[in-house]
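Participant: I would like the atomic coordinates for the input below:
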Amino acid sequence: MLRLLLPLLIWLVWVAWSSMAPAAERQVVAGGTALAEAIENAGAGDTLRLGSGRHAGGIKISKPLTIECADGARIDAGGQGTVLTVTGPDVTVTGCTITGSGSDHEGIDSGIRLLKGADRARVTGNRLTGNLYGVDIHGARDARVAGNVIEGRQDHRMNDRGNGVYVWNAPGSDVVGNDIRWGRDGIFVNTSHSNRFVGNRFRDLRFAVHYMYANRSEVRGNLSIGNHLGYAVMYSRGVRIIDNVSVNDAEHGVMLNYTNSSEVRGNLVRGGGTKCLFIYNAHKNEIKGNRFERCETGVHFTAGSERNEITGNAFVGNRTQVKYVGSKWVDWSAEGVGNYWSDFAGYDLDGNGIADTPYRPNDSMDHILWTQPAAKLLMGAPAVQLVKWAQSAFPALLPGGVVDRAPLMQPVEMSIPDWEARHDGS
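Facilitator: The predicted structure follows:
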């Protein structure tokens, strides 16, 4: 019996010794296949320090390692495939320039791919440039992508580029403090949950953050500047969209499309956009304490969206504050607190901060103009002006729509954060 157990005992002792063996630090000089050889010969937990110069990419990492780069060190795949593919757990890549992926969307050619098994990967403080996709978190759990500069390729049309960070079926992912530019979407999430996207900056993109079928996640404290669309949350529930900023995004600042039971709070959308907020077939959401400012339309509310709580927001200087077409009355106040409307000449005789009369942003002529734009030619006609006066004098004539029964007298104030100072340029 002992003879049979002896090999097993020897193997267990070897495993225990290996786990206690101190991790080694290895210097890797640039050039040739030195990096691939160093990875192959390294032990689990070793640190590889890459010297200045070009290190050939197209490499797979299947064991726990740390790769650190000296100033001037870059890992370059030469325009073929993915630069670094990680399949093993507890891998860290930090301080490197990572460049030269291929252009294959089907293969998701990327600067770094974190595939199934690459759990707890750490991609921090790198510069990923000239890749089709920046970082692809594809099946890895609890990955962290933080403090990187990710710049997409500009030799493709925007829709033909890859995403800065692509998250697919990767629960527990943290994408924090990255500066993402010139891709398709800054962060694209599909079929994942329990993710955090915090404190990133997005510029020159289609969407800053694009959610599809991603539940129980958080989008907090991000800055979107001059993109086509800021924060698009689609087919998701339990998403917290908090303290983000959208500045001069062309189409929408925030879009909720088939988004349910989510929270939109403390966000600033300012200028440049067709719609500050677009709500389409979205139900049971809390939209509180936001500021929507200087858009063509403050909020477009449509497709039967119901049981949303919209209160404590400020609608400031929008050409049309609310676009709502429907025959039902929708009250945008809760527990005696409504929203601030910059075009509402309300009064507050008792000084409690709440206007003494309701605010109704639209009338039946607005409905006609939205459904029949050619009717704008008649806006100066006496009959149209008579209808508008009658509806303002006799609210019972209104056909339904949005009413704020407790308008606020003062708006919530917000400013654009200094992202560079907050993240120290990293």
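Participant: OK, contacts around T94?
Facilitator: Counting by Cβ atoms under 8 Å, 6 or more residues apart in numbering, T94 makes contact with T66, I67, E68, C69, R122, V123, T124, G125, N126. Yep, even glycine has a C-beta here, placed from its N, CA and C like the rest.
Participant: make it 7 Å
Facilitator: E68, T124, G125, N126 (Cβ atoms under 7 Å, 6 or more residues apart in numbering).
Participant: R294 contacts F315, doesn't it?
Facilitator: No - using Cβ atoms under 7 Å, R294 is not in contact with F315; the gap is 10.4 Å.
Participant: okay, the two: which has more neighbours?
Facilitator: F315 (29 against 17; other Cβ atoms under 10 Å).
Participant: Which of the contacts of T94 fall within helices?
Facilitator: Residues of the contacts of T94 located in helices (DSSP state H): none.
Participant: Throw those into CSV and include distance to A345, thanks.
Facilitator: Formatted as CSV, these follow (distance: Cβ to Cβ, whole Å):
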residue, distance to A345
E68, 62
T124, 53
G125, 53
N126, 54
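Participant: What about those, which one has the most neighbours?
Facilitator: Result: N126 is most packed of the contacts of T94 (other Cβ under 10 Å), 27 neighbours.
Participant: circling back to that earlier point, can you lay out the contacts of T94 as TSV showing pLDDT?
Facilitator: Shown next, in TSV, are the contacts of T94 (pLDDT from 0 to 100):
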residue	pLDDT
E68	98
T124	98
G125	98
N126	98
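Participant: Which element, helix or strand, includes R54?
Facilitator: Counting by DSSP states H and E, the element that carries R54 is strand 53-56.
Participant: Can you mark which positions in that strand are buried?
Facilitator: Neighbour counts using 16 or more other Cβ atoms under 10 Å place R54, H55, A56 of strand 53-56 among the buried residues.
Participant: quick check, nearest of the residues you listed to D90?
Facilitator: Using Cβ to Cβ, H55 comes nearest to D90 of the buried residues of strand 53-56, at 21.3 Å.
Participant: Where do the helices of the stretch 51-200 of the chain begin and end?
Facilitator: Assignment of helices within the stretch 51-200 of the chain using DSSP state H, counting those that start in this stretch yields no ranges at all.
Participant: let me redo that: the stretch 251-400 of the chain
Facilitator: Secondary structure of the stretch 251-400 of the chain by DSSP H, counting those that start in this stretch: the helices cover 364-371, 382-393.
Participant: hang on, the earlier thing: what strands flank the strand holding R54, and is each parallel or antiparallel?
Facilitator: According to DSSP bridges, strand 53-56 forms sheet pairs with strand 73-76 (parallel).
Participant: from the chain's centre, how far out does the partner strand sit?
Facilitator: Computed by Cα atoms, centre = their mean, to the nearest Å, the separation of strand 73-76 from the middle of its chain amounts to 28 Å.
Participant: Point out where this protein drops to low pLDDT.
Facilitator: Along the chain, segments meeting pLDDT under 70 span 1-22, 303, 325-327, 363-400, 424-426.
Participant: Can you pull up the most central residue in it?
Facilitator: Residue closest to the average C-alpha location in the chain (Cα atoms, centre = their mean): V209, at 2.8 Å.
Participant: Quick one: list the elements packing against the helix or strand harbouring that residue.
Facilitator: Per DSSP H and E, V209 falls inside strand 207-215. With contacts defined as 3 or more Cβ pairs under 7 Å, 6 or more residues apart in numbering; DSSP states H and E, strand 207-215 has these neighbours: strand 185-193, strand 229-237.
Participant: contact partners of the first one?
Facilitator: Read it as strand 185-193. Around strand 185-193, the neighbours that count as contacts under Cβ under 7 Å, 6+ apart are 163-171, 173, 175, 180, 195, 197, 200, 202, 205-217.
Participant: Apply the buried test to the residues you listed and list what passes.
Facilitator: Taking 16+ other Cβ under 10 Å as the criterion, what is buried in the contacts of strand 185-193 is 163-168, 170-171, 173, 175, 180, 195, 197, 200, 202, 205-212, 214-217.
Participant: how much space is there between A146 and D204?
Facilitator: 21 Å (Cβ to Cβ, to the nearest Å).
Participant: Sorry, slip of the keys, the one I care about is G130.
Facilitator: 15 Å.
Participant: Cool, thanks, talk later.
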